[in-house]
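> Predicted structure and sequence below. I'll ask about it afterward.
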There are 2 protein chains.
Amino acid sequence: MAEAAKKIENHKNALERWRHIFADELKQTDEVIMNMTSGKAKLIPELVGHLITSGGKRLRPILTIISAKLCGYEGDRHIKLAAAIELLHTATLLHDDVVDESDLRRGRKTANSIWGNEASVLVGDFLLACAFRLMAHDGSIRVLEMLSDTSAIITEGEIKQLMAINDIKTGEERYLDIISDKTAQLFAAACSVGSIVAEKSSEEEKALNKFGMNLGIAFQIVDDALDYSAKQEELGKTVGDDFREGKLTMPVILSYQNGNKEEKHFWERTIEENIQEESDLAQAIEIISRQGVLKQTMQKAKEYAQKASFSLKDFPESQEKSALMDLAEFAVSRPY
Amino acid sequence: MAEAAKKIENHKNALERWRHIFADELKQTDEVIMNMTSGKAKLIPELVGHLITSGGKRLRPILTIISAKLCGYEGDRHIKLAAAIELLHTATLLHDDVVDESDLRRGRKTANSIWGNEASVLVGDFLLACAFRLMAHDGSIRVLEMLSDTSAIITEGEIKQLMAINDIKTGEERYLDIISDKTAQLFAAACSVGSIVAEKSSEEEKALNKFGMNLGIAFQIVDDALDYSAKQEELGKTVGDDFREGKLTMPVILSYQNGNKEEKHFWERTIEENIQEESDLAQAIEIISRQGVLKQTMQKAKEYAQKASFSLKDFPESQEKSALMDLAEFAVSRPY
């Protein structure tokens, strides 16, 4: 550990440090993904290469890898399943960008803006199929049940989100239900898979599932805060996308709840009636900052991150436990 | 059989007759699908209801049902798996209509033209996940391997098709490769599943797989012929869609190959350069009819249908074998 600790000083945040420590496994995971796509119709490796090299966070596969090791697993099934989970996530991103008509993701042009919506829809479908192919070849019906359930729940969350767009009456409860489905469930599944391959008791699986669930909620709340606060070059995607799409996220929900008559009217015009002018994003950010709503939002995220860490209390101390605790901290302190 | 034969006289074609005979199983299949979507975000049952009641052919689930019975299966796993196969197909249709920007399917407005592309992409994803959920709950890794492979191959076929658009150099071989992937593989899998649940020998599975594969190719060739020959109200989708999209299908490939200089030039302008005027569809149909290309196309389809029937030669005579033979005949004689 001492040597590892030294090496990692150069990395600017906890995620990067731990990605460095688990670099071998993550590389193997990437290789599994690239192998699924090589030799296929040209568009597939091109588009997947674009996604892989655009350097996503790899948060979900690293959660599977660390969870498996935390549970003492020594085989290599977790690599294939980490790849399956990253594929499910990547497919969701591709389809999301079509749904959201986004132009920028991870600091680069989105696949749909380069290759068109058709390509994004179809390659997304291909990656979904590859994810289930990997699971089927792994051969665990339990994993297949969990991840097919998760896959359905993610999509249901996205659909709920689509139905909530422009609905200014959306409250905190409905928002939390949406982000639990669309984001946190996959974090939870990523962690659970680690304990399943290690054949651990249901207590350990439950604890890891709870960790992932709360981490995922914290992560998404911060994501939604960053859309009103991040620097575009750090965020790697267009700031203000949620605002322009009329998405009801935590900052808007709190700002509307706490707003005076004028502020309420602003949100009703821009989000509910979808009437926006060029200068409105700046004003939205100004209102949110004046009300102290971002601080409140971050406070809520921190509570979920703390819940996440707390759920690991019965695991003995280990490098892997430290890693998960660090990632919970990272989720609420990241600038991107 | 005598009574059944009487009843079915009222049905105008073989598919309808056999759908009537296997109505119970098909109804159960529909129920499995409806159950997967009830209680979900409102958009899901709405959209799925639209698809189910718009009366698709149900060719794929009926193939699974008949194949299972042909192999002497007496349980009920085939119902759930027939539903999974129909869900895979329905998800593909939803995403196809987004990719093709279609307005009409099965004689009704497409889901994307009513609910928007976002809804079609997401509900398609939901149905894909539900298909794998059903397979996982069924619990056969073999079925999961086969259908996840099939799902990947279908998408690869769609991607190959996307890449071949406007490519006038596309020949028969490349076309057959595309339609084998995008259409015939699922027909083959639908039939194979029947023998897998019945735990039949690999010979029987191979024969059924071959039947499905050849039937699927015949079916798709006819589909592509209908786009230049059908009456719109019978076809239930817009005639000329393939032409407007610049798709290289059998009629166009043969017409280009057999064409004189002027005809070749017509296809180069309308398909390769994608320069089309209002009157061009009528001219395309006129050229194809003048050259006798539709007849050639149908002849090729018939050869695949005959191959399909021939692959069943070792099965003893039974109601189910007659049904499959009838369906092969239907595939090449249908007006829609």
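Structure received. Numbers count the residues shown, from 1 in each chain, chains lettered A, B, ... in the order given.

> Spatially nearest residue to the residue nearest the centre of chain A (excluding sequence neighbours)?
With distances taken as CA atoms, centre = their mean, A:T183 lies nearest the centre of chain A, 5.6 Å away. Of all residues not flanking A:T183 in the chain, A:Q220 sits nearest, at 4.2 Å (CB to CB, 6 or more residues apart in numbering or on different chains). Where C-beta positions appear, they are placed from N, C-alpha and C, glycine not excepted.

> what sits against that neighbour?
A:179, A:182-184 (CB atoms under 8 Å, 6 or more residues apart in numbering or on different chains).

> Quick check: PyMOL command selecting the buried ones in those.
Remark: buried members of those, expressed as a PyMOL selection using 16 or more other CB atoms under 10 Å in any protein chain shown:
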select buried, chain A and resi 179+182+183+184
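
> Out of the contacts of A:Q220, the closest to A:Q257 would be?
A:I179 (17.3 Å; CB to CB).

> Against A:H95, how distant is the residue lying closest to the closest one once chain neighbours are set aside?
Leaving aside its chain neighbours, A:I179 sits nearest to A:Q220 (4.2 Å; criterion: CB to CB, 6+ apart). A:Q220 is 17 Å from A:H95, where distance means CB to CB, to the nearest Å.

> quick one, phi/psi of the residue nearest to A:T183?
In terms of degrees, to the nearest 10, the main-chain angles of A:Q220 are phi -70, psi -40.

> So for it, what's the pLDDT?
At A:Q220, the model reports a pLDDT of 97.

> contacting residues for A:H89?
Applying CB under 8 Å, 6+ apart to A:H89 gives the contacts A:60, A:186.

> Give the residue spans of chain A that score low on pLDDT.
For chain A, applying pLDDT under 70 flags the ranges A:1-12, A:99-108, A:230-237, A:336.

> quick one, strands of it?
Ranges of strands in chain A, per DSSP state E, are A:104-105, A:108-109.

> How far does stretch A:58-73 sit from its chain's centre?
Stretch A:58-73 sits 16 Å away from the centroid of its parent chain (CA atoms, centre = their mean, to the nearest Å).

> Verify the stated contact: the residue nearest to the centre of chain A with A:G216.
Yes. Here A:T183 reaches A:G216: they are 5.0 Å apart, a contact under CB atoms under 8 Å.

> What count of nearby residues applies to the nearest residue to A:M213 once chain neighbours are set aside?
Distance criterion CB to CB, 6+ apart; nearest residue to A:M213, sequence neighbours excluded, is A:A188 at 4.2 Å. By other CB atoms under 10 Å in any protein chain shown, 25 other residues sit near A:A188.

> distance of A:A188 from chain B?
Distance check for A:A188 against chain B: by CB to the nearest CB, to the nearest Å, it reads 16 Å.

> Distance check, that residue against A:R60.
From A:A188 to A:R60 the distance is 10 Å (CB to CB).

> try A:L122
In terms of CB to CB, A:L122 sits 23 Å off from A:R60.

> do A:A164 as well
Counting by CB to CB - A:A164 and A:R60 are separated by 24 Å.

> Run a quick neighbour tally on A:E25.
Neighbours around A:E25, by other CB under 10 Å: 21.

> Enumerate every residue touching it.
By CB under 8 Å, 6+ apart, the residues touching A:E25 are A:65, A:78-79, A:82.

> and the two most separated of the residues you listed?
Farthest pair in these (CB to CB) is A:I65 and A:I79. Separation: 7.5 Å.

> about what we covered before: looking at A:A164 and A:R60 now, which is surrounded by more residues?
Set A:A164 next to A:R60 and count neighbours by other CB under 10 Å: A:R60 wins out with 24 against 20.

> quick one: contacts for the residue nearest to A:M213?
Residues near A:A188 by CB under 8 Å, 6+ apart: A:150, A:209-213, A:216.

> Restricted to helices, list these.
Counted as lying in helices by DSSP state H, out of the contacts of A:A188, are A:150, A:209-213, A:216.

> Of the residues you listed, which is the nearest to A:L248?
Distance to A:L248, by CB to CB, is smallest for A:G216 among the ones in helices among the contacts of A:A188, at 18.6 Å.

> Which among the ones in helices among the contacts of A:A188 count as buried?
A:150, A:209-213, A:216.

> need the contact list for the residue nearest to the centre of chain A.
Neighbours of A:T183 in contact, by CB under 8 Å, 6+ apart: A:157, A:216-217, A:219-220, A:223.

> Just name the closest of the contacts of A:A188 to chain B, please.
Distance to chain B, by CB to the nearest CB, is smallest for A:T150 among the contacts of A:A188, at 8.3 Å.

> Show me what residue of the stretch 201-336 of chain A gets nearest to chain B.
A:E245 (10.4 Å).

> That residue: neighbouring residues, count only.
Neighbours around A:E245, by other CB under 10 Å: 18.

> Could you confirm whether stretch A:73-87 reaches chain B?
No. Contact of stretch A:73-87 with chain B (CB under 8 Å from any CB of the partner chain) is absent, the minimum separation being 10.4 Å.

> Show me what counts as buried in that stretch.
Within stretch A:73-87, the residues scored as buried using 16+ other CB under 10 Å are A:73, A:77-87.

> Next step: the residues you listed restricted to helices.
Using DSSP H, the members of the buried residues of stretch A:73-87 that fall within helices are A:77-87.

> Residue numbers of the stretch 1-150 of chain A in contact with chain B?
The stretch 1-150 of chain A comes close to chain B at residues A:40-44, A:91-92, A:95, A:98-99, A:117-119, A:121-126, A:128-130, A:132-133, A:135-137, A:139, A:141, A:144-145, A:148-149, as judged by CB under 8 Å from any CB.

> residues in contact with the spatially closest residue to A:G194 that is not a sequence neighbour?
Spatially, and ignoring its direct neighbours in sequence, A:G194 is nearest to A:S67 (2.5 Å; CB to CB, 6+ apart). A:S67 sits next to A:190-195, A:208, A:320, A:324 when contact means CB under 8 Å, 6+ apart.
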